[in-house]
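**Student:** Next comes the sequence, and after it the predicted model I'd like to discuss.
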Amino acid sequence: MITEGSQVSDQGQVWAAPARIDINVDLGESFGHWRLGNDAEIMPYIQTINVACGFHAGDPVTMAATVRLAKQHELAVGAHPGFPDLLGFGRRRLQLSPNEAHAYVLYQIGGLREILAVHGLELHHIKTHGALDDTLYEDGELAEAVAEAVAESGVSLLYRAFLPGHDPFAAAVEARNVEVVYELYPDLEYSADGMPQPIREVGEQSASSIAAQTEMYLRTGHVRATTGEAVPVRASSICIHGDGPHAVEAARLVSSTVRSYGITLAAATRDPSAGRGAQ
């Protein structure tokens, strides 16, 4: 039976869009005098940010400025740790031992947490960046080490792309009682098997196409792959990359699209009634 609020997907399956969702953006990615993104302009349209912690992007001054802006806009703030690779923006794979990965992630989380504490804010979540994020899908030993760092930090939420098949990192953090908030990436292309494509392999997407991919997900629970197939996704957060050429307009249109479905726009919270999964 199709319940109220449910939709029928292109494959005939019953689908009910989430009652609550947030738009999260990677911000604080400038470094010194070099500027990237439009942090102040995009904040009115979003609920959650992931702040670069100085390894792949950002620096202490940028981190502090980003936190001040986030407080003004009442946004939830998460740490966005990555590989120590400023020149490659954290998108080049580095060979780290599990011990190194564990220490690097804890170090980055700690730096942002102290800045937040000065401003009376708490760390909301953690979201790993770029090549580190990709590696944790493929390297189970590294995934366990980083999951341990996440759990030891005391943060109860991890933001993570919804990926097809078994995800060792998501499994490792959930085993440590950290809930995973799965993300939709409407500004990236998806392969036929449902894998979001690396950001360097996609061309510019217009804000309207990003909003259209979001609308398809909300309506059907699927996204359109580059090969034309509709592939299923499960997500309760929408990620827009802040360094994209249409990021601000995309955030505005995506926010409007979500509201048109009667969905509450709010940062994720830990579900007190469940041991795993996030709202």
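**Tutor:** Looks like it arrived, so ask away.
**Student:** Where does the prediction get shaky in this structure?
**Tutor:** 1-13, 200-204, 272-279 (pLDDT under 70).
**Student:** Buried residues, stretch 17-34. List them.
**Tutor:** 17-18, 21-31 (16 or more other Cβ atoms under 10 Å). The C-beta positions use only the backbone N, C-alpha and C, and glycine is treated the same way.
**Student:** try stretch 145-159
**Tutor:** 145-151, 153, 155-159.
**Student:** Same check on stretch 86-94?
**Tutor:** 86, 89-91, 93-94.
**Student:** And the buried residues of stretch 17-34, which two are furthest apart?
**Tutor:** A17 and F31 (37.8 Å; Cβ to Cβ).
**Student:** for this structure, which helix is longest?
**Tutor:** Determined from DSSP state H, the single longest helix within the chain is helix 98-118.
**Student:** distance between the following helix or strand past that one and the chain's centre?
**Tutor:** Per DSSP states H and E, helix 98-118 leads on to strand 125-126 as the next helix or strand towards the C-terminus. Here the centre of strand 125-126 is set off from its chain's centre by 9 Å, with Cα atoms, centre = their mean, to the nearest Å.
**Student:** what's the answer for stretch 136-148, then?
**Tutor:** On Cα atoms, centre = their mean, the centre of stretch 136-148 falls 18 Å from the chain's centre.
**Student:** Would you mind pulling the contact partners of it?
**Tutor:** Applying Cβ atoms under 8 Å, 6 or more residues apart in numbering, the contact partners of stretch 136-148 are 96, 98-99, 101-102, 105, 128, 132, 135, 163, 167-169, 171-173, 175-176, 178.
**Student:** Of the buried residues of stretch 86-94, which pair is most distant in space?
**Tutor:** Between any two of the buried residues of stretch 86-94, the greatest separation by Cβ to Cβ is 15.3 Å, found for L86 and R93.
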